[in-house]
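Colleague: Okay, predicted coordinates and the sequence, questions at the end:
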2 protein chains.
Amino acid sequence: MSVCDYYRRMSNDASEAWTLLFRLFVSQRGRVPQVAAEFDLSPMQAHVLRMLEPDQPLPMRTLARKLCCDASNVTGIVDRLEERGLVRRDAAPGDRRVKMLVVTSNGLEVRRRIVRRLSEAPEPIARLSATDQRALREILNRALEPGL
Amino acid sequence: MSVCDYYRRMSNDASEAWTLLFRLFVSQRGRVPQVAAEFDLSPMQAHVLRMLEPDQPLPMRTLARKLCCDASNVTGIVDRLEERGLVRRDAAPGDRRVKMLVVTSNGLEVRRRIVRRLSEAPEPIARLSATDQRALREILNRALEPGL
DNA sequence: TATTGTTATACTCTATAACTATA
DNA sequence: TATAGTTATAGAGTATAACAATA
């Protein structure tokens, strides 16, 4: 089945649900920049700090792939986080080309607070009925099941 | 279950649903840049073109507010869209300070194609059951009801 | 030869501040 | 005085290309 066929087969419900989701994204566009600014970070710096999970060192290259951006960008972003003492470049065991990103203890504290602030449901979600909130949570769990 | 527990559970559903939504956003982070690149536009240029609805001239200032950014940025973004012949600055009736943004006929065609590409539901939504897709659409309709 | 991370470059987005022309 | 849009500036994100070190 071609990609074209795949999208032709797509239901109106899927497309309309996605369009509504997109509107929700757009309406919340300011959230990450706002929370980042509270910690004197750029949106991308806050995003990267959020992606680096505690006790899970990540090669620069892998981070670049997760960010959907060129590896050269990661150098600068990590430079600035390292200057702030929030992350560290560690040597990778077994391959001297690779640098592993690790969140420092300072970084962990800032990260915890950023994650907390970003987990606060915005108004469009908060005002849904308890039933809708639960249904939404369950549907999204199924959508993201294989681990996106 | 106490009243307190009841409300704690409610807000957990909201917060968890939002966290899942956030993961979905992040997983689709590359979509706008990718589609924009197909039309040789920057992500922000594509976003602005998408926001300018046909036959609805928009003052620069209003666009700045919608973008959650300073008005000075809009000048540059619109400059580049205007150089490409996709939008036009028209005089506003009644206030000579204001410039109204209008999508040109070329711009309308590009916009139509961008909107179409972006309305294609991504894999996490497309693979949901028909029931889930419909439920998702209805819940999101309620969430965005007053017009976000 | 291929891969990882870096540097250099050019472009875009961003906020801030100062400016102009209107109101 | 206040507002709409612009300019100038500096910092940050982005892709591309070229490079050193390592595999």
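Modeller: Here it is on my side, so go on. Just so it is clear, the structure is predicted and the values come from calculations on it, not from any experiment. Numbers count the residues shown, from 1 in each chain, chains lettered A, B, ... in the order given.

Colleague: need the residues of chain A near DNA strand D, please.
Modeller: Within chain A, the residues that sit near DNA strand D (CB under 7 Å from any atom of the strand) are A:42-45, A:67-70, A:72-73, A:76-77, A:80, A:94-97. (Each C-beta comes from the backbone N, C-alpha and C, glycine too.)

Colleague: which bits of chain A sit near DNA strand C?
Modeller: Contact residues, chain A versus DNA strand C (CB under 7 Å from any atom of the strand): A:33, A:59-61, A:64, A:71-72, A:74-76, A:78-79, A:89, A:92, A:95, A:97-99.

Colleague: Report the buried members of the residues of chain A next to DNA strand D.
Modeller: Buried by 16 or more other CB atoms under 10 Å in any protein chain shown: A:44-45, A:67, A:69, A:77, out of the residues of chain A next to DNA strand D.

Colleague: JSON lines for those, including secondary structure?
Modeller: Shown next, in JSON lines, are those (DSSP: H, G, I helix; E, B strand; the rest coil):
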{"residue": "A:Met44", "secondary structure": "helix"}
{"residue": "A:Gln45", "secondary structure": "helix"}
{"residue": "A:Leu67", "secondary structure": "coil"}
{"residue": "A:Cys69", "secondary structure": "coil"}
{"residue": "A:Ile77", "secondary structure": "helix"}
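
Colleague: of those, closest to chain B?
Modeller: A:Leu67 (7.7 Å; CB to the nearest CB).

Colleague: Contact partners for that closest one?
Modeller: Residues near A:Leu67 by CB atoms under 8 Å, 6 or more residues apart in numbering or on different chains: A:47-48, A:51, A:73-74, B:29.

Colleague: what about it, distance to B:Ala46?
Modeller: Distance from A:Leu67 to B:Ala46, counting by CB to CB, to the nearest Å: 19 Å.

Colleague: do the same with A:Leu41
Modeller: 26 Å.

Colleague: of those two, who's got more company?
Modeller: Using other CB atoms under 10 Å in any protein chain shown as the criterion, A:Leu41 and B:Ala46 rank with B:Ala46 on top: 26 against 22.

Colleague: which residues are contacting the helix or strand harbouring that one?
Modeller: B:Ala46 is part of helix B:43-51 when elements are defined by DSSP states H and E. With CB under 8 Å, 6+ apart as the test, helix B:43-51 has contacts from B:32-33, B:35-36, B:39, B:41, B:58, B:63, B:66-67, B:77-78, B:80-81, B:84, B:86-87, B:103, B:107, B:110-111, B:114-115, B:118.

Colleague: Filter those down to just the ones in helices.
Modeller: Here DSSP state H is the test, and the contacts of helix B:43-51 give B:32-33, B:35-36, B:63, B:66, B:77-78, B:80-81, B:107, B:110-111, B:114-115, B:118 as lying in helices.

Colleague: Just the buried ones out of those, please.
Modeller: B:32, B:35-36, B:63, B:66, B:77-78, B:81, B:107, B:110-111, B:114, B:118.

Colleague: Closest one to A:Ala17 out of these, please.
Modeller: B:Leu118 (13.7 Å; CB to CB).

Colleague: Could you measure from the closest residue to A:Pro122 other than its chain neighbours over to DNA strand C?
Modeller: Nearest residue to A:Pro122, sequence neighbours excluded (CB to CB, 6 or more residues apart in numbering or on different chains): A:Gln28, at 5.5 Å. To DNA strand C, A:Gln28 is 14 Å away according to CB to the nearest atom of the strand, to the nearest Å.

Colleague: A:Gln28 - how many residues pack around it?
Modeller: A:Gln28, neighbours per other CB under 10 Å, totals 19.

Colleague: could you measure it against DNA strand D, distance?
Modeller: Distance of A:Gln28 to DNA strand D, computed by CB to the nearest atom of the strand: 17 Å.

Colleague: Quick one, grab the pLDDT at that residue.
Modeller: On the pLDDT scale, A:Gln28 is placed at 96.

Colleague: Settle this for me: it is touching A:Glu123, isn't it.
Modeller: No - using CB atoms under 8 Å as the test, A:Gln28 is too far from A:Glu123 to be in contact (9.5 Å).

Colleague: Just give me how far the helix holding B:Ala46 sits from the chain centre.
Modeller: In terms of CA atoms, centre = their mean, to the nearest Å, the centre of helix B:43-51 is found 8 Å from the chain centre.

Colleague: Give me the angle between it and helix B:31-38.
Modeller: 90 degrees (axes from the mean of the first three to the mean of the last three CA atoms, to 10 degrees).
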